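**Q** below are the sequence and a predicted model; questions follow.
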Amino acid sequence: MSLNPNYEQIGKAFTEQYYNMFDNPATRAQLSALYNADQSLMSFEGQQMQGSVKIMEKIQSLTFQKIAHLITAVDCQPMFDGGILINVLGQLKTDDDPPQSFMQNFVLKPGGDSFFIQHDVFRLVLHNIAA
């Protein structure tokens with residue numbers, strides 16, 4: 001495989017689709033189709049899980065009622081195996097809480113005629129600096 005020349009378009013379209021699905025309670029469960037049963041890995045605030053079932057269990061265990069991802073920047077890079085690296089920076093608004101900054105990285109891998117999320121790393125951007 002080689003570099004995908006459409007990496008920017010694919011990465012940005014994926015990002016929009018992912019957060020639209022995540023933010024809508026009616027479509028959130030459909031995120032499972034974006035992950036692979038065995039070959040997807042997620043790190044959520046340092047907690048590791050593997051496979052679409054475990055990843056969806058984590059997503060569905062989150063306690064918010066309302067959520068909105070406000071995207072600040074999406075940076076994409078092609079990978080030499082045909083995959084796409086995506087870095088997302090934004091703000092997360094849950095329920096009536098103040099917005100919090102977050103970062104999320106994805107690695108999309110080609111699978112047949114589309115892509116699946118092989119790696120997903122999520123972190124709130126919290127700076128706990130001792131005085």
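**A** Yes, it's here. Residues are numbered from 1 along each chain as shown.
**Q** doesn't residue 71 make contact with residue 12?
**A** No: checked against C-beta atoms under 8 Å, the pair residue 12 and residue 71 is beyond contact range at 9.6 Å. (Glycine included, C-beta is placed from N, CA and C.)
**Q** which residues are in contact with both of those two?
**A** Both residue 12 and residue 71 lack any common contacting residue under the criterion C-beta atoms under 8 Å, 6 or more residues apart in numbering.
**Q** for residue 3, give me its contacts.
**A** Residue 3 neighbours (C-beta under 8 Å, 6+ apart): 78, 79, 80, 82.
**Q** next one: residue 45
**A** With C-beta under 8 Å, 6+ apart, residue 45 has these contacts: 122, 123, 124.
**Q** TSV for the residues you listed, including neighbour count?
**A** Below are these laid out as TSV (neighbours: other C-beta atoms under 10 Å):
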residue	neighbour count
122	19
123	14
124	10
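**Q** for the longest helix anywhere in the chain, packing partners?
**A** Secondary structure assigned by DSSP state H gives helix 7-23 as the longest helix of the chain. Using 3 or more C-beta pairs under 8 Å, 6 or more residues apart in numbering; DSSP states H and E, the elements in contact with helix 7-23 are strand 67-78, strand 84-94, strand 100-111.
**Q** list the buried ones in the next helix or strand after it?
**A** For helix 7-23, the following helix or strand on the C-terminal side (DSSP states H and E) is strand 41-44. Neighbour-count burial for strand 41-44 flags 41, 42, 44 (criterion: 16 or more other C-beta atoms under 10 Å).
**Q** please consider this matter closed, and thank you.
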